[in-house]
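Asks: coordinates only, sequence not included:
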């Protein structure tokens, strides 16, 4: 797997606009443009992503695609207001899930094989956690794709926006303009007989509680969540006023992940807590599990990371 996501930043400086990109996790300059070119480029991107061109005061997010050399590039376009009439734009170019086997997300096949038993569960909550840009949605969508290939379960997703269009599942996109809430869509989806529910991101206590209830009522639920580590995910969920017993009964797996970029390839590494680990942690027992630091050291000892790469990521994950 090469870079999972390519990100372009279109920003405004005092005398000009500037286009930057993120390659292997690091920012680099691409091109300087005039202020007039900046404004026209921002309006064009908002237009093709079906955003409101006349709205400059609130963040917006949409999606579009371009054909380049017979290859479709799917782009997520996000805007952020910086002054009364100006905004910056971030473009994420998303990988197509059918371009590569899911195993290639990892340094070896066993890393992917670990998930297969969890994909067969009939109920429970599986959380993909980590900071922005750690590949949570990419991994979750790839695993959902594996569930769909079995062909025996109904899968419904609720996303904002839909990042990967996947055949074989019902995908529902949040529509802010129609004033349709997350809660109403979630409850509506649960009335449509899903076996598996994918919810883009847990953002507040209401959604967290609804997803826990869904996982306890006979559904396998996937979602993403921002947290620094697998263990801190439990603390953050408790901050949402969720009870220990609810967490014990609902959580099947917590994945906390990062993307590593080496000279030869990019791949995901992860630490995880099982349902038993979550239960032990909530009861105050010591939980022994392989942390991200442990995995970094293993990769270094196996020759997948050189000294410079190991030192960089060891500091970055602190």
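Replies: Thanks, I have it. Treat the numbers as computed from the prediction; the structure is a model and nothing was measured.

Asks: next one: phi and psi at the residue nearest to residue 48 when sequence neighbours are not counted?
Replies: Closest residue in space to residue 48, ignoring its immediate chain neighbours: residue 64 at 4.5 Å, by C-beta to C-beta, 6 or more residues apart in numbering. (Each C-beta comes from the backbone N, C-alpha and C, glycine too.) Dihedral angles of residue 64 (phi, psi; degrees, to the nearest 10) stand at phi -150, psi 180.

Asks: surely residue 64 meets residue 51?
Replies: No - in this structure, residue 64 is not within contact of residue 51 by C-beta atoms under 8 Å, at 9.5 Å.

Asks: so what sits against both of these two?
Replies: Shared contacts of residue 64 and residue 51, defined by C-beta atoms under 8 Å, 6 or more residues apart in numbering, comprise residue 77.

Asks: and the two? Which one has more around it.
Replies: Each of residue 64 and residue 51 has its neighbours counted (other C-beta atoms under 10 Å); residue 51 has more, 21 against 17.

Asks: just the buried positions in stretch 111-124, please.
Replies: Neighbour counts over stretch 111-124 (16 or more other C-beta atoms under 10 Å) mark 111, 112, 115, 118, 119, 123, 124 as buried.

Asks: report the beta-bridge partners for the last one.
Replies: Assessed by DSSP bridges, residue 124 has beta-bridge partners residue 220.

Asks: what sits against it?
Replies: Residue 124 touches 215, 220, 221, 250, 251, 252, 253, 275, counting by C-beta under 8 Å, 6+ apart.

Asks: state the pLDDT value of the third one.
Replies: What that stands for is residue 221. With respect to pLDDT, residue 221 has a value of 97.

Asks: give me the nearest residue to it, chain neighbours excluded.
Replies: residue 215 (4.4 Å).

Asks: and the furthest pair within the buried residues of stretch 111-124?
Replies: Pairwise distances across the buried residues of stretch 111-124 (C-beta to C-beta) peak at 24.7 Å, for the pair 111 and 123.

Asks: do a quick rundown of the helices in the stretch 151-300 of the chain.
Replies: For the stretch 151-300 of the chain, the helices defined by DSSP state H, counting those that start in this stretch cover 182-190, 205-216, 230-238, 244-250, 275-282, 292-301.

Asks: for the fourth one, name the packing helices and strands.
Replies: If you count contacts as 3 or more C-beta pairs under 8 Å, 6 or more residues apart in numbering; DSSP states H and E, helix 244-250 packs onto helix 205-216, helix 230-238, helix 275-282.

Asks: relative to helix 292-301, how tilted is the second one?
Replies: Using axes from the mean of the first three to the mean of the last three C-alpha atoms, to 10 degrees, the interaxial angle of helix 230-238 with respect to helix 292-301 works out to 150 degrees.

Asks: cool, the first one as well?
Replies: Orientation of helix 205-216 against helix 292-301 (the same axes, to 10 degrees) gives an angle of 70 degrees.

Asks: now helix 205-216: buried residues?
Replies: 207, 208, 209, 210, 211, 212, 214, 215.

Asks: please produce TSV containing the residues you listed, extended by pLDDT and distance to residue 59.
Replies: Shown next, in TSV, are the buried residues of helix 205-216 (pLDDT from 0 to 100; distance: C-beta to C-beta, whole Å):
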residue	pLDDT	distance to residue 59
207	92	19
208	94	22
209	93	26
210	93	24
211	95	24
212	95	28
214	94	28
215	96	30
